[in-house]
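**Student:** sequence and predicted structure below; questions after.
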Amino acid sequence: MPTAKEHLIRAHNAEEIAAQVEAAYPEWTAIALFYAALHYVEAFFYHQARRSSRYAAHTNDHGTRLDEVDARMHSQYANYRALLERSMVARYSAVAFTT
C-alpha cells in the first residue's frame, strides 16, 4: 500500500502530465486530473487512518472510494464525482473534448 508521500508524488506527476497534454489532448487532461485527484484523496485517507483506527488507509475500487469521499470529505464529493465521470467519458466514449 502506498504511503501518503508516494500518493502525493503520483498526484503531482499526473498534474504535470495534464499540463503537458492540455492543448493537444484535452481528453487526456481530464484523465490525468482525475488520477491526480484520486491520489490526493488516497493521501488524505492515509493520513486520516494514521490518526484514527476507525478509518481505512486505502480504498481498492472507484465505487468504494466515491462512497468514502462522500462520507469523509463531503464538501469535495461533487467535484471528485465530476472528475470521475469526465475521465470515464474520456476513456470509454468517443466524445471530443475541448480545453
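**Tutor:** That came through fine. Numbers count the residues shown, from 1 in each chain.
**Student:** for the lengthiest helix in the chain, name the packing helices and strands.
**Tutor:** Longest helix of the chain, by residue count under DSSP state H: helix 26-51. Packed against helix 26-51 by the contact rule (3 or more C-beta pairs under 8 Å, 6 or more residues apart in numbering; DSSP states H and E) you find helix 4-21, helix 62-72, helix 77-92. Just so you know, the C-beta spots here come from the backbone N, C-alpha and C atoms, and that holds for glycine as well.
**Student:** can you pull the buried residues of that helix?
**Tutor:** 27-46, 48-49 (16 or more other C-beta atoms under 10 Å).
**Student:** on that earlier part again, with distance to T99, mean neighbour count and mean pLDDT as extra columns, can I get the helices and strands packed on helix 26-51 in TSV?
**Tutor:** Shown next, in TSV, are the helices and strands packed on helix 26-51 (distance: least, C-beta to C-beta, whole Å; neighbours: other C-beta atoms under 10 Å; pLDDT from 0 to 100):
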stretch	distance to T99	mean neighbour count	mean pLDDT
helix 4-21	10	16	97
helix 62-72	25	15	95
helix 77-92	13	15	96
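**Student:** okay, these in a markdown table with distance to R54 next?
**Tutor:** Listed next are the helices and strands packed on helix 26-51 as a markdown table, based on distance: least, C-beta to C-beta, whole Å:
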| stretch | distance to R54 |
| --- | --- |
| helix 4-21 | 18 |
| helix 62-72 | 10 |
| helix 77-92 | 19 |
